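J.: this is the structure alone, sequence omitted:
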């Protein structure tokens, strides 16, 4: 994510590239062509490690939103349009104290298929906290094309079994309507669902009817908010005599898989489908005209002052965000004023790495098609540059070399630590052993646990261990091959890069690595008499166990057990006093073997034969 060298594109060069006539073609009434220069690069603001519990008790400020707005301000994009000497403020900021702010959410689905309402809660709170005293209105909006519900109780055209409330939030009861009615209960905060008015079309002079206006081959909502403001998305706020331009749009989609063969993913561009009416008579838009339609909504209707992709939870296989195993927690927000750059970068660096699905990579032909359409449409209509609203991006781009990525952490990075076994343990085959770990931050919900032999995976113990349990009981197979080069590895299922492995090897069914027994006497060449008492000695290293077996061999074959259980010894040496039986046969081919009782594979033997004589 390092910054790359980019070429500065001046406003003059930008206009020359796309043609001055195209800039003025069907320009909306708010269009201004200022002398100031647009930003040379498309800034992308990336915040990760957002805490699972993003709020402190009694506070609506969201840790991820707070980190995002601070990061933006550090890079010169202030959230508040204010001259106050206060955090997040600048005269060229995004949100003025008297603005009407539309927050576009995804409410066509529920569960993790809709926008995270905790993020919206934090965003609304920040708007209300304007240092100049917020006098405008925040309206949470959506057109679910007949399937939407700001109460998060939709059935999704049969995708869900019932109409129970399931918001994408820590508390699933916290729907968008719940935020309006219960969390804020403030006349400055309201919600408006466009589904009931999506089939009503009105003329340019109608400033009373809630409905849609057609423009070129798109359409946009015109409605009166709960606060009594007449909002006409393309024109602005109707005052009775003209239009005020203190209308701001913030686009907050949830990042997710959408389909195979269509758009492939949902991000900031496709989210504009929730502002257009699909029954406006301009034909089928899915999916060949996706980029064109969404590009026009941004370039010709109203550009969002900010696009924030919600990747707290990412649905990677099902657009409905349910069941839970189709989703992954990423605890990430990514924002930009350039929707093309934002969708490209987030698909490549947030969605695609989860499971490596090539259809989620922005290089896939389906995604490239609508990204290119949107890029050409927006740039062909003059780009998005509107400094009077705080929009500083000019031409949108798919070129990563023209993107400048800024990252921040909203909380400590997650950690996963294997605590047992961590090396040096010796386990018996057929025994039950406990594998234990600790974690901090968002390390996922499930673990895979592997048994390694050297660097090779020998066995997968489980793929579904509960991270929260902190331990897993493993019944070691009785037929597991003996070895002393084993290790245990734990891997987060949600974050495969988050893993830990035993620091040192463990032994199963045999002596630990480095364990050795060496007979030091008799070691070859000695001559001992029958009936005499002799001292057998040995040296050891590692962990042979507490006791040893001592055997007498003749011509390589065991002929007598000298001791069935002798103490190993101490400090690396051991000994045993042996009274040689008077009846033992004489011979020059005797040897002593010392073997660990705990680990039969661990043994030592005289290096050469010794003699027993009369």
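T.: It's in. The shown structure was predicted, so the numbers you read here are calculated from the model rather than taken from an experiment.

J.: how is this structure divided into domains?
T.: 11-409, 415-508, 516-613 (automatic domain parsing).

J.: ranking those by burial, who's on top?
T.: domain 11-409 (a mean of 20; mean count of other Cβ atoms under 10 Å). Placement of C-beta: from N, CA and C, glycine included.

J.: now do residue 567 against residue 438, distance only.
T.: Using Cβ to Cβ, to the nearest Å, residue 567 is found at 38 Å from residue 438.

J.: re earlier: how about the domains of the chain in JSON lines, adding mean pLDDT?
T.: Shown next, in JSON lines, are those (pLDDT from 0 to 100):
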{"stretch": "domain 11-409", "mean pLDDT": "92"}
{"stretch": "domain 415-508", "mean pLDDT": "93"}
{"stretch": "domain 516-613", "mean pLDDT": "96"}
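
J.: and residue 177, what are its phi and psi?
T.: phi -70, psi -40 (degrees, to the nearest 10).

J.: residues contacting it?
T.: 150, 151, 191 (Cβ atoms under 8 Å, 6 or more residues apart in numbering).

J.: and of those residues, the nearest to residue 283?
T.: residue 150 (28.2 Å; Cβ to Cβ).

J.: for the closest one, what are its contacts?
T.: 105, 107, 140, 142, 175, 176, 177, 191, 193.

J.: which SSE is the third one in?
T.: The one in question is residue 140. strand 137-142 (DSSP states H and E).

J.: mind listing the helices for the protein?
T.: In the chain, the helices defined using DSSP state H lie at 11-18, 20-24, 63-74, 117-128, 176-178, 290-296, 339-346, 352-355, 365-380.

J.: those: which one's closest to residue 279?
T.: That would be helix 290-296 among these, by Cβ to Cβ, at 13.8 Å.

J.: same for the closest one, what does it pack against?
T.: In terms of contacts (3 or more Cβ pairs under 8 Å, 6 or more residues apart in numbering; DSSP states H and E), helix 290-296 is packed against helix 365-380.

J.: tell me, what residue is most central in this structure?
T.: residue 330 (2.4 Å; Cα atoms, centre = their mean).

J.: that one reaches residue 316, doesn't it?
T.: No. Assessed by Cβ atoms under 8 Å, residue 330 is found out of contact with residue 316, at 9.8 Å.

J.: list the residues that are in contact with both of the two.
T.: residue 354.

J.: and the pLDDT for residue 414?
T.: Listed pLDDT for residue 414 reads 87.

J.: how about it, phi and psi?
T.: phi -70, psi 150.

J.: need the contacts of residue 177 in TSV with distance to residue 494, can you?
T.: Formatted as TSV, the contacts of residue 177 follow (distance: Cβ to Cβ, whole Å):
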residue	distance to residue 494
150	29
151	29
191	32
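
J.: how near is the nearest residue to residue 536 once chain neighbours are set aside to residue 519?
T.: Ranked by Cβ to Cβ, 6 or more residues apart in numbering and with sequence neighbours excluded, the top spatial neighbour of residue 536 is residue 576, at 4.8 Å. Noted for residue 576: a distance of 11 Å to residue 519, by Cβ to Cβ.

J.: which residues are in contact with both of those two?
T.: residue 536.

J.: in CSV, list the helices of the chain along with distance to residue 228.
T.: Converted to CSV, the helices of the chain look like this (distance: least, Cβ to Cβ, whole Å):
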stretch, distance to residue 228
helix 11-18, 38
helix 20-24, 34
helix 63-74, 28
helix 117-128, 18
helix 176-178, 19
helix 290-296, 30
helix 339-346, 31
helix 352-355, 45
helix 365-380, 33
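
J.: how near is the residue nearest to residue 536 to residue 548?
T.: 8 Å.

J.: got any residues that touch both of these two?
T.: Common neighbours of residue 576 and residue 548, counting by Cβ under 8 Å, 6+ apart, are 563, 566.

J.: quick one: the strands in the stretch 301-450 of the chain, in order.
T.: Under the criterion DSSP state E, counting those that start in this stretch, the stretch 301-450 of the chain contains strands at 306-315, 327-336, 403-409, 415-420, 426-427, 432-440, 446-453.

J.: can you redo the ones you listed as JSON lines with distance to residue 96?
T.: Listed next are the strands of the stretch 301-450 of the chain as JSON lines, based on distance: least, Cβ to Cβ, whole Å:
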{"stretch": "strand 306-315", "distance to residue 96": "14"}
{"stretch": "strand 327-336", "distance to residue 96": "19"}
{"stretch": "strand 403-409", "distance to residue 96": "24"}
{"stretch": "strand 415-420", "distance to residue 96": "42"}
{"stretch": "strand 426-427", "distance to residue 96": "67"}
{"stretch": "strand 432-440", "distance to residue 96": "40"}
{"stretch": "strand 446-453", "distance to residue 96": "46"}
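
J.: which stretch among those strands comes nearest residue 39?
T.: Short answer: strand 403-409, nearest of these by Cβ to Cβ, at 8.7 Å.

J.: partners of the closest one in the sheet?
T.: strand 42-48 (parallel) (DSSP bridges).

J.: so how far is the strand it pairs with from its chain's centroid?
T.: Here strand 42-48 is found 15 Å from its chain centre; the criterion is Cα atoms, centre = their mean, to the nearest Å.

J.: do the same with stretch 280-290
T.: On Cα atoms, centre = their mean, the centre of stretch 280-290 falls 33 Å from that of its chain.

J.: what's the end-to-end length of it?
T.: 15 Å (Cα to Cα, to the nearest Å).

J.: now residue 191: closest residue in space, sequence neighbours ignored.
T.: residue 140 (4.4 Å).

J.: wait, residue 159
T.: residue 320 (4.6 Å).

J.: what sits against residue 250?
T.: Contacts of residue 250 (Cβ under 8 Å, 6+ apart): 101, 102, 103, 104, 123, 304, 305, 306, 307, 308.

J.: tell me which of these is nearest to residue 223?
T.: Nearest member of those to residue 223, counting by Cβ to Cβ, is residue 102, at 10.2 Å.

J.: from residue 220, how far out is the closest one?
T.: Residue 102 is 11 Å from residue 220, by Cβ to Cβ.

J.: what sits in contact with each of these two?
T.: Joint contacts of residue 102 and residue 220 (Cβ under 8 Å, 6+ apart) are residue 233.
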